[in-house]
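1. got a structure for you, letters missing:
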Ligand code: KIV
C-alpha cells in the first residue's frame, strides 16, 4: 500500500536534494535505498537522516519527504503502545508494526528492531526472529542492542544474509540494569569499552551502528575510526547520520523530552486543537455544514 500520488523520487524534498547533488535524498531514483547506498554515503562524507515509524500512514509521510532510512524501533513501546519502557515489546507487535511501515513506503530502507528477549538467548533464536521480521514483515534489515556481547549473534545473522544495524552506548532494553537512561562512555574506562564495542560490531559485519547518549567527542572519534556509518542519537554532530524518534521530533510526545531532542513541529498541540475545534462545532451544531451533507 502506498497512498502517495507521487513516486518518492519525484517528491519536492527529493528533487531539491537531488539538485544539490545529494544522492541518498534524490539520486537513488525509483528503488529502495540499500545498505550499499549507506556505505557509499560514508565514503562520500554525505550525512543522512533516519526517523522511527510505527505505522503505514506516518511512514508514507516520511518516505515522501525523502527520509532514506526508517527504523521501526522498539521505542514503539513508549511512543505507540503506551508502555513505560521498551522491555515489554514482543515479536508479534514488532512484526505487525514493521509490516505496516514496509507497506507504507516505496523508497526507504526499513529496519526492524529486535525486541528485548528476542535475540539474547542464542544466535539460533536471533536468526529465527530476524528471519521472521524479514519474511513476515518484509523489513530490509534488523537492529539489535549490544556491542561485544552481541558480536557473535551479529556475525551469525550477517553470515545468514541478514543486514544488521548494531546499537551501542545507551541501550534502552537494559534500562533496569542501568538504573535509568544515563549518558554512556564517560571516563577513560567507559570510553575504551565503547570503542571496543564499536570495533566488535564492525568486525562482526554490522552495516551500521547507532551510538546513543554518548559524549560528542567520543562519538566523533568512534565515527572516524570506523568504516561503517555511525547513527547518532544524543551523540553530537560528528556522526555520519542522525536518528530521532518521530514523536519526539514532531512534538507529539507528552511532557519532557530528552536534552538531545529538537522539536521540528508542535503536532500534539495542532492535533489537540483540531480535536477541540471539531468537538466545539459538533456541540454548537455548526458541523456538519451543508457542504458536508448528502441529500
Ligand atoms: O527503538 C528506537 O527507536 C531506537 C532508536 C532511538 C535508535 O532504538
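-> That came through fine. All of these numbers come straight from a predicted model, not from anything done at the bench.

2. can you pull out the helices in the stretch 51-200 of the chain?
-> Remark: helices of the stretch 51-200 of the chain, listed N- to C-terminal, are 56-64, 76-79, 91-103, 123-132, 151-159, 175-178, 188-204; assignment by DSSP state H, counting those that start in this stretch.

3. And the ones you listed: which comes nearest the ligand?
-> helix 76-79 (7.2 Å; Cβ to the nearest ligand atom). To be clear about C-beta, it is placed using only N, CA and C from the backbone, and glycine gets the same treatment.

4. The closest one and the ligand in contact?
-> No. No part of helix 76-79 sits close enough to the ligand to count as contact by Cβ under 6 Å from any ligand atom; the gap is at least 7.2 Å.

5. what residues does that helix touch?
-> With contact meaning Cβ atoms under 8 Å, 6 or more residues apart in numbering, helix 76-79 is reached by 52, 54, 73, 83-89, 93-94, 97, 113, 115, 245-248, 252-253.

6. Got a quick PyMOL command for the buried subset of the residues you listed?
-> Selecting the buried subset of the contacts of helix 76-79 in PyMOL, with 16 or more other Cβ atoms under 10 Å as the burial test, is done by:
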select buried, resi 52+54+73+85+86+87+89+93+94+97+113+115+245+246+247+248+252+253
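
7. Can you name the residue of this structure nearest the ligand?
-> For the chain, Cβ to the nearest ligand atom, closest residue to the ligand: residue 73, 2.2 Å.

8. Model confidence for the spatially closest residue to that residue that is not a sequence neighbour, exactly?
-> The shortest distance from residue 73 to any residue other than its chain neighbours is 4.3 Å, reached at residue 52 (Cβ to Cβ, 6 or more residues apart in numbering). With respect to pLDDT, residue 52 has a value of 98.

9. Residue 52 pairs with what?
-> Partner residues in beta bridges with residue 52, using DSSP bridges, are residue 71.

10. That one contacts residue 252, doesn't it?
-> No. Residue 52 lies out of contact with residue 252 (Cβ atoms under 8 Å); the separation is 11.4 Å.

11. Quick check: neighbours shared by the two?
-> Contact criterion Cβ under 8 Å, 6+ apart; residues bridging residue 52 and residue 252 by contacting each: 79, 246.

12. where are the low-confidence patches of the stretch 51-200 of the chain?
-> Segments of the stretch 51-200 of the chain classed as low confidence (criterion: pLDDT under 70) are not present in this model.

13. can you list the residues of it near the ligand?
-> 52, 71, 73, 74, 75, 113, 167.

14. What is the most widely separated pair among the residues you listed?
-> Of all pairs drawn from these, the one with the longest distance (Cβ to Cβ) is 52 and 167, at 12.6 Å.

15. burial of the nearest residue to residue 138 once chain neighbours are set aside, as a residue count?
-> Counting by Cβ to Cβ, 6+ apart, the nearest residue to residue 138 once its immediate chain neighbours are dropped is residue 102, at 4.2 Å. Neighbourhood size, residue 102 [other Cβ atoms under 10 Å]: 22.
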